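Peer 1: quick one: sequence and predicted model below, then my questions.
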Amino acid sequence: MLREVLQANRGGVSVSRLQAEYTALTREPIPHKQLGHEQLEALLASMPSVVRAERSRAGEVTYFASADGEAARVAKVVARQRTPKRTGRAHLVNTQMRVKPASPLILNGRPPPTRLNTS
């Protein structure tokens, strides 16, 4: 079951994610203590035919499925799978109101004469 979890994640997994996905599938954690190992990392290190570990520059350890026979064929098929691309563009809606710029008051010539009411 451990190999299946590793093969499903072609980009590799961290220890915590490996434990979480294994638990989600089997409803129980990886039994590393029952197999004679105090740490899960020690169990994984003792299984080179199943697990391959790589350390990043940041120091994080990522675990990958080791390829052998049938597992190599499955790993090759998984590696050839394309990641789904988004189709079309995301449509953004402009929610801001558009306000026309106010034109300044323009006077043509002289202002019209005003009448004075003398009554």
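Peer 2: In hand now; what should we look at?

Peer 1: for Leu18, the count of nearby residues, please.
Peer 2: Each residue near Leu18 was counted by other Cβ atoms under 10 Å, and the total is 21. No exception for glycine: its C-beta is placed from N, CA and C like everyone else's.

Peer 1: hmm, Tyr63 and it touching each other?
Peer 2: Yes - assessed by Cβ atoms under 8 Å, Leu18 is found in contact with Tyr63 at 5.9 Å.

Peer 1: joint contacts of those two?
Peer 2: The overlap between the contact sets of Leu18 and Tyr63 (Cβ atoms under 8 Å, 6 or more residues apart in numbering) consists of Leu6.

Peer 1: could you list the low-pLDDT ranges of the protein?
Peer 2: Where the chain drops to pLDDT under 70, the residues are 67-72, 75, 82-112, 117-119.

Peer 1: show me the strands in it, by range?
Peer 2: Secondary structure of the chain by DSSP state E: the strands cover 51-55, 61-65.

Peer 1: list the contacts of the closest residue in space to Ala42 that isn't next to it in sequence.
Peer 2: The shortest distance from Ala42 to any residue other than its chain neighbours is 7.3 Å, reached at His32 (Cβ to Cβ, 6 or more residues apart in numbering). His32 makes contact with 38-40, 42-43, according to Cβ under 8 Å, 6+ apart.

Peer 1: try 7 Å
Peer 2: When contacts are counted by Cβ atoms under 7 Å, 6 or more residues apart in numbering, His32 touches 39-40, 43.

Peer 1: measure it to Val13 for me?
Peer 2: His32 sits 16 Å away from Val13, going by Cβ to Cβ, to the nearest Å.

Peer 1: what of Arg57?
Peer 2: Taking Cβ to Cβ, one finds Arg57 at 18 Å from Val13.

Peer 1: how about Arg3?
Peer 2: Going from Arg3 to Val13 by Cβ to Cβ gives 12 Å.

Peer 1: good, wrapping up.
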